[in-house]
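[1] what's the 3D shape of this:
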Amino acid sequence: MTLFAHIGAFMAIPFLAFSAWFGGGAHMHQWPTHYPPIATSTPPVATTTPPVHTPPHTQAAVTLYSVSKTSGIAVGDTITITGSGFTNDNTILLDGMVAAKNVPITSSIAIACTTDPSCKGGIHQTLIFTIPSSIGPDCKAGQMCPMYMRLLTSGTYNLAVENENGTSNTIAVSIVGTAGIQ
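    Predicted coordinates:
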């Protein structure tokens, strides 16, 4: 066989496969019989069941139930927040500004409610933090952030907790006195 005969035979195989697939193999008798037959059956279909899609675990929303003290709070007072959806990296906000960062859970207890309709059953967690003399902007990673601190003065502030699960509802707390410059 000459080189051209080999090239011709090599080029004919894809055409033969194409012809057999789309033409039903009726033209196969036109080709020499020494070429191997080409399978025209369809590949087997997998009979396995597709995997079941499991939605990702959703975290509990951050919810505040109570604050140990809501009025007469002074700089340096220790405050306990009770709620749910806390993580070990919580940020305490006063009017949307940072009062404390990286606050871990101090306790976690399961509460069962049977007869009291006002009972907030489920997991109750606590956070403990100290009221600072100043608060700062709540800047996220990669975000431009102004660099300033605001002295905590007398007034009512909305306290909230923020973490990877979101930002909680707010509870109004009243700060008394003006923070001194330290």
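[2] which other residues reach stretch 111-120?
    With contact meaning CB atoms under 8 Å, 6 or more residues apart in numbering, stretch 111-120 is reached by 65, 121-124. Heads up, the C-betas are built off the backbone N, CA and C, glycines and all.
[3] Just the terminal-to-terminal distance for stretch 80-90.
    13 Å (CA to CA, to the nearest Å).
[4] Give me the buried positions along that stretch.
    Neighbour-count burial for stretch 80-90 flags 81-87, 90 (criterion: 16 or more other CB atoms under 10 Å).
[5] lowest-confidence helix or strand of this structure?
    Lowest by mean pLDDT, DSSP states H and E among the helices and strands of the chain is helix 3-23, with a mean of 52.
[6] C-terminal to that helix, what's the next element?
    strand 63-67 (DSSP states H and E).
[7] Each with direction, which strands does that following strand pair with?
    Strands that pair with strand 63-67, judged by DSSP bridges, come out as strand 78-84 (antiparallel).
[8] Okay, domains of the chain per the record?
    According to automatic domain parsing, the chain is divided into the following domains: 1-42, 63-139+147-175.
[9] from the buried residues of stretch 80-90, which single one is nearest Ile73?
    Each of the buried residues of stretch 80-90 was checked against Ile73 using CB to CB; the closest is Ile81, at 12.4 Å.
[10] show me what contacts the nearest residue to Pro132 once chain neighbours are set aside?
    Leaving aside its sequence neighbours, Pro132 sits nearest to Ala99 (CB to CB, 6 or more residues apart in numbering; 5.5 Å). Each residue near Ala99 by CB under 8 Å, 6+ apart is listed here: 92-93, 129, 131-132, 135, 152, 159.
[11] go on, Leu127?
    Counted by CB under 8 Å, 6+ apart, Leu127 has contacts 80-81, 83, 86, 90, 92, 103-106, 161.
[12] Return the subset of those residues lying in helices.
    Per DSSP state H, helices hold no members of these.
[13] Those into CSV, with extra columns for pLDDT and distance to Lys140?
    Below are the contacts of Leu127 laid out as CSV (pLDDT from 0 to 100; distance: CB to CB, whole Å):
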residue, pLDDT, distance to Lys140
Thr80, 96, 27
Ile81, 96, 22
Gly83, 94, 22
Phe86, 95, 19
Asn90, 97, 15
Ile92, 98, 16
Val103, 96, 17
Pro104, 95, 20
Ile105, 94, 22
Thr106, 93, 25
Val161, 97, 16
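[14] Quick check: the closest residue in space to Pro104 that isn't next to it in sequence vs Val75, distance?
    Closest residue in space to Pro104, ignoring its immediate chain neighbours: Asn88 at 4.6 Å, by CB to CB, 6+ apart. Distance, Asn88 to Val75, using CB to CB, to the nearest Å: 26 Å.
[15] again, but for Glu162
    Taken as CB to CB, the span from Glu162 to Val75 is 21 Å.
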